[in-house]
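S.K.: No sequence on hand, only this structure:
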């Protein structure tokens, strides 16, 4: 998966198509990501000793193929590639503008 926590992404498919947000969590084994403000579901929480029962809105994971990283220059979705920089380190770059994403 070429996505990291903290990346700004745009949703390209599903009920939240077009929404933008940052990745708060990645689930590599399931190839899913949790995006801030996207795929929000209501969860019923049982009462315990300190709190009363309530309905809480929770961000659920979506598949990584349904999001694209936002290009820092064009502010649109782009694919992610890799290049080797001068120090010999592998860095992520935008395919549209060839700008650094890390």
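M.R.: That came through, no problem. Computed from a prediction, not measured in an experiment: that's the story for all the values here. Residues are numbered from 1 along each chain as shown.

S.K.: going forward, measure contacts between C-alpha atoms and count neighbours the same way
M.R.: Will do.

S.K.: thinking residue 101 is in contact with residue 92, fair?
M.R.: Yes - if you go by Cα atoms under 8 Å, residue 101 and residue 92 touch, sitting 5.5 Å apart.

S.K.: What ranges does this structure have for its strands?
M.R.: For the chain, applying DSSP state E gives strands covering 8-11, 20-27, 32-35, 40-45, 54-59, 62-63, 67-70, 77-78, 80-84, 90-94.

S.K.: can you put these in a markdown table and add distance to residue 1?
M.R.: Listed next are these as a markdown table, based on distance: least, Cα to Cα, whole Å:
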| stretch | distance to residue 1 |
| --- | --- |
| strand 8-11 | 14 |
| strand 20-27 | 9 |
| strand 32-35 | 9 |
| strand 40-45 | 23 |
| strand 54-59 | 20 |
| strand 62-63 | 11 |
| strand 67-70 | 12 |
| strand 77-78 | 15 |
| strand 80-84 | 10 |
| strand 90-94 | 12 |
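
S.K.: Adding mean pLDDT, write these out as a markdown table.
M.R.: Formatted as a markdown table, those follow (pLDDT from 0 to 100):
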| stretch | mean pLDDT |
| --- | --- |
| strand 8-11 | 95 |
| strand 20-27 | 95 |
| strand 32-35 | 96 |
| strand 40-45 | 95 |
| strand 54-59 | 95 |
| strand 62-63 | 96 |
| strand 67-70 | 94 |
| strand 77-78 | 92 |
| strand 80-84 | 92 |
| strand 90-94 | 91 |
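
S.K.: Right, I'll call it a day here.
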